[in-house]
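Q: Return atomic coordinates for the entry below.
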Amino acid sequence: MTVISTTIGQSVSRIDGFAKVTGQARYAAEPHPSGMLYGVIVNSPIARGRIETIREEAARAVPGVVEIMTHLNRPHTALFEKSYVDGLGVPGSPYRPLHDGEIRFNGQPVAVVFAETFEAAREAAMLMEVDYERWPHNADFEVALHQKYMPEKPRSNYVPPKSRGKAAEAYALSPIKVEGHYHLAPEHHNPMEMHATTVIVEDDGKFTVWDKTQGPQAVQAYLTSALSLSKDQVRVRNPYVGGAFGSGLRAQHNVFLAALAAKMLKRSVRVSLTRQQMFTHVFRPEAIMDIALGATPDGTLQSMIVEGVTDTSRFEHNMENLVVWGLINYKCPNATADYKVVPRDTYTSSDMRAPGAATGVNLFEMAIDEMAYACSMDPLTFRLHNYSDIDAMHDMPLTSKALREAMLQGAERFGWQNRPMTPGKMRDGKELIGWGMATGIWDAMFSPTSARARLTADGRLHIATAASDIGTGTYTILAQTASEAFNIPLDQIDIELGDSTLPQCPTEGGSWTAASAGAAVWLACQSLREKLFKTLGKNSNISAWLTEGLRHNTVVLQDGFLKNTDGDEAFEMSLRDALSLTGQTELEVEETAKPGLRGTISQMRKARFTHSAVFCEVRVDEELGIVRVTRLVNAVAAGRIMNPKTAASQVRGAMVMATGMALHEESLMDERVGRFMNHNFSEYHIPAHADIPDMDVLFVNEEDTEVSPLGIKGVGEIGMCGTAAAIANAIFHATGRRHYNLPIVPGD
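A: The predicted structure follows:
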């Protein structure tokens with residue numbers, strides 16, 4: 001049977017767009033079960049200490065208040081006596097909400113007020129009085145540096161740096177040297193949808209949990225472990241997610257507190273966080289990187305030395321792949337790196353879009369730009385001169401690398417050939433103009449994933465997997481994959497996502513979902529197609545043309561019809577009619593995709609990455625120091641592009657966030673109390689429309705038959721890698737002044 005390509009590679013608009021813009025899409029804080037209680041969290045105002053007394057009288061007197069849950073009256077659960085699953089793999093002892101009276105970080109929940117209305121719960125929460133014994137604490141990153149350490153048990157996805165050559169000796173002998181001390185301020189995720197959980201207690205006592213998460217099955221595993229429940233007692237749903245950026249990778253405390261209260265009160269419960277409460281957790285770690293580079297006068301790198309540090313909490317050891325990216329991406333005979341973490345009395349820092357790489361790549365690319373100037377070389381020429389065709393850190397071949405093509409095509413699109421080498425040579429009135437560039441690299445990952453395909457009596461194709469669409473366009477990508485695999489129009493396909501009862505899919509993150517879930521959907525549709533034809537072939541009642549066509553393989557599945565391509569007359573049959581001939585009301589299959597199509601290709605024998613080249617133009621007010629980004633071009637090499645429209649949208653979104661990293665976003669700590677003090681959108685600056693220019697995204701052709709079954713590399717995070725550095729490098733080209741701290745703000 002023949003399949004005719006139809007939709008993969010086409011710029012299809014999001015199929016979930018109508019539901020979102022018309023309000024039909026339901027998010028975690030929107031279900032309204034009858035008799036639902038509203039929960040408002042009371043947070044600790046101190047960073048470290050112990051609760052001495054809790055006075056609830058005034059709060060309980062508020063009309064409508066049903067219960068106040070604290071560590072003194074909460075039910076006992078398995079969470080408080082054993083280790084549990086939260087799906088993130090951070091070593092240490094995960095925070096256990098309301099476990100005891102000890103305070104471990106500012107903003108820690110100390111009580112939850114439940115009432116018949118949100119207004120009553122909020123009023124009562126404001127009337128709660130808690131006395132604390134305060135203990136010494138440290139929330140100052142610089143002070144914590146003397147306690148830096150390497151955890152005995154590294155995080156599960158941590159990649160230790162692998163040294164080569166003799167970097168220190170080569171650096172000492174290098175004719176040209178540059179070194180810098182780089183710093184990135186902590187940033188908060190701040191998706192549009194804040195964290196919220198609605199727990200519905202069904203008539204049979206089971207829980208249906210609507211949660212703001214990137215992985216419903218991970219939350220289900222967490223709740224079943226924490227509350228000693230079976231899988232069939234907890235169903236987790238997140239069909240729509242209003243952005244996450246990594247904040248929903250692990251189960252946050254709102255989901256546990258809501259489920260615990262529902263179990264305690266035997267009523268449906270909602271617990272949602274305010275924007276200010278979102279600043280108590282889910283933030284990119286503060287980081288420093290000391291980078292030393294040595295080169296010969298012709299611009300050949302001789303030595304790379306990278307030392308990096310990020311922060312974590314006292315109770316967990318969060319780690320990032322911070323220092324490896326330059327060692328992987330550049331040809332250099334001598335390279336070494338070291339990484340450690342430092343403890344602070346805060347909540348655990350967390351993964352944020354392109355964790356590790358967003359920090360490490362950008363800071364390293366700023367150093368590479370400085371070295372290019374030290375060698376009197378154009379920054380693009382310098383990168384091409386030190387280009388590596390392999391994973392240089394592991395001396396391992398790559399499945400593909402079209403970064404060279406990305407640099408050349410991006411430079412041509414940007415007009416890089418017209419760039420003067422000397423900084424400060426371009427201006428327009430009071431504004432200095434600068435052009436900068438950087439490269440980006442991010443993992444091209446693939447995780448085993450299952451999907452179900454079902455053909456129903458009405459001729460519709462139903463696709464189901466537990467994947468989450470966190471705004472990346474997963475609904476649309478999977479519909480396109482199914483449309484091509486089964487050759488059926490998009491409007492005859494239904495996609496079901498975001499439900500723990502659906503076929504297994506890992507938590508959405510790391511830019512692996514399109515590759516992983518897409519492969520599972522492709523396999524399921526192939527198997528369903530084979531099952532349909534096999535079932536028809538066993539039926540003696542089918543027409544002669546179909547019998548002959550099946551026998552001679554001349555039947556084509558096209559546009560939702562079975563068509564005969566041989567003979568003098570054309571025949572066709574709808575899928576509805578074809579299914580009715582089988583005597584069944586539906587056909588269904590489930591398949592699991594593993595690295596390599598049906599697991600036949602070993603993904604581990606080669607390294608796999610997505611690459612990019614970013615070019616930026618800035619204008620700097622010479623008197624005020626205000627920076628405007630006026631042009632951005634990003635050339636991306638990401639394997640097979642399933643949907644150029646949604647893929648470009650993902651890259652642009654990451655570039656917006658990277659602009660925030662470069663010029664705006666900075667969570668400021670009040671070390672006296674251990675609290676991020678600019679915990680609102682009026683003081684935590686994110687890019688606005690006026691800050692973002694038209695962004696030109698182009699995709700470089702990159703064939704890759706090994707990275708994933710369909711040749712897909714994710715694009716959700718690559719836009720973060722290199723963009724902030726390109727902006728910083730453009731500022732240098734405009735002003736002649738180097739900056740080593742991000743964000744770069746007026747007065748620096």
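
Q: so what does the helix ranked longest in the chain touch, helix or strand wise?
A: Across the chain, the helix with the greatest residue count (assigned by DSSP state H) is helix 513-537. Secondary structure elements in contact with helix 513-537, counted by 3 or more Cβ pairs under 8 Å, 6 or more residues apart in numbering; DSSP states H and E, are strand 449-456, strand 461-464, helix 474-486, helix 544-552, helix 575-581, strand 586-593. C-beta: built from backbone N, CA, C; applies to glycine.

Q: quick one: which of these is nearest Leu398?
A: Proximity to Leu398, assessed across these by Cβ to Cβ, is greatest for strand 586-593 (21.7 Å).

Q: Quick check: buried residues in the closest one?
A: Judged by neighbour count (16 or more other Cβ atoms under 10 Å), strand 586-593 contains these buried residues: 587-593.

Q: from those, which two are the most distant?
A: Of all pairs drawn from the buried residues of strand 586-593, the greatest distance, 19.9 Å, lies between Leu587 and Ala593 (Cβ to Cβ).

Q: Pass me the low-pLDDT residue ranges in the stretch 251-400 of the chain, would you?
A: Scanning the stretch 251-400 of the chain for pLDDT under 70 picks out no residues.

Q: Same question for the stretch 401-550 of the chain.
A: Counting by pLDDT under 70, the stretch 401-550 of the chain shows low-confidence ranges at 540-541, 543-545, 548.

Q: again, 90 this time
A: Residues of the stretch 401-550 of the chain that meet the criterion pLDDT under 90 lie in 533-550.

Q: so how far is Asp389 from Gly165?
A: Here the distance between Gly165 and Asp389 works out to 18 Å (Cβ to Cβ, to the nearest Å).

Q: Burial check on Tyr339, number of neighbours?
A: Burial measure for Tyr339: 25 neighbouring residues, criterion other Cβ atoms under 10 Å.

Q: which element is it on?
A: Using DSSP states H and E, the secondary-structure element containing Tyr339 is strand 335-344.

Q: For that strand, name the packing helices and strands.
A: Using 3+ Cβ pairs under 8 Å, 6+ apart, the elements in contact with strand 335-344 are helix 141-144, helix 167-173, strand 301-313, helix 325-329.

Q: JSON lines please, covering those and showing mean neighbour count.
A: Formatted as JSON lines, the entries for these read as follows, by neighbours: other Cβ atoms under 10 Å:
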{"stretch": "helix 141-144", "mean neighbour count": "16"}
{"stretch": "helix 167-173", "mean neighbour count": "16"}
{"stretch": "strand 301-313", "mean neighbour count": "25"}
{"stretch": "helix 325-329", "mean neighbour count": "26"}
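
Q: picking up where we left off before, for the strand holding Tyr339, the distance to its chain's centre please.
A: On the basis of Cα atoms, centre = their mean, to the nearest Å, strand 335-344 sits 23 Å off its chain's mean C-alpha point.

Q: For it, buried residues please.
A: Going by neighbour count (16+ other Cβ under 10 Å), the buried part of strand 335-344 is 335-337, 339-344.

Q: from those, which single one is nearest Ser682?
A: When the buried residues of strand 335-344 are compared for distance to Ser682, the smallest value, 25.5 Å, is given by Arg344; criterion: Cβ to Cβ.

Q: Distance of that closest one relative to Met661?
A: In this structure, Arg344 lies at 21 Å from Met661, with Cβ to Cβ as the measure.

Q: Pipe the buried residues of strand 586-593 into a markdown table and attach distance to Gly308 and pLDDT per row.
A: Rendered in a markdown table, the data for the buried residues of strand 586-593 read as follows (distance: Cβ to Cβ, whole Å; pLDDT from 0 to 100):
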| residue | distance to Gly308 | pLDDT |
| --- | --- | --- |
| Leu587 | 53 | 96 |
| Glu588 | 49 | 97 |
| Val589 | 47 | 98 |
| Glu590 | 43 | 98 |
| Glu591 | 41 | 97 |
| Thr592 | 37 | 96 |
| Ala593 | 35 | 94 |
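
Q: Among the residues you listed, which one sits closest to Asp351?
A: Looking at those and their distance to Asp351, the nearest is Ala593, at 23.9 Å (Cβ to Cβ).

Q: Ignoring the adjacent residues along the chain, who's closest to that closest one?
A: Closest residue in space to Ala593, ignoring its immediate chain neighbours: Ala519 at 3.6 Å, by Cβ to Cβ, 6 or more residues apart in numbering.

Q: now Gln417
A: The spatial neighbour of Gln417 that comes closest, neighbours along the chain excluded (Cβ to Cβ, 6+ apart), is Ala411 at 7.1 Å.

Q: Would you pull up how far the strand or helix carrying the one you found lies from the middle of the chain?
A: Counting by DSSP H and E, the element that carries Ala411 is helix 403-414. Averaged C-alpha coordinates place helix 403-414 at 26 Å from its chain's average position (Cα atoms, centre = their mean).

Q: for it, packing partners?
A: Using 3+ Cβ pairs under 8 Å, 6+ apart as the contact criterion, the elements in contact with helix 403-414 are helix 379-385, strand 431-443, strand 609-621, strand 627-637, strand 695-699.

Q: Quick one: name whatever helix or strand follows it.
A: Past helix 403-414, heading to the C-terminal end, the next element that is a helix or strand (DSSP H and E) is strand 426-428.

Q: What segments of the stretch 1-150 of the chain are helices?
A: Secondary structure of the stretch 1-150 of the chain (DSSP state H, counting those that start in this stretch): helices at 17-21, 57-60, 118-127, 141-144.

Q: Now do the first one, average pLDDT.
A: Along helix 17-21, the predicted confidence averages to a pLDDT of 95.

Q: Around the residue nearest to Ala29 when sequence neighbours are not counted, count how many other residues there are.
A: Of all residues not flanking Ala29 in the chain, Ala196 sits nearest, at 3.7 Å (Cβ to Cβ, 6+ apart). Neighbourhood size, Ala196 [other Cβ under 10 Å]: 21.
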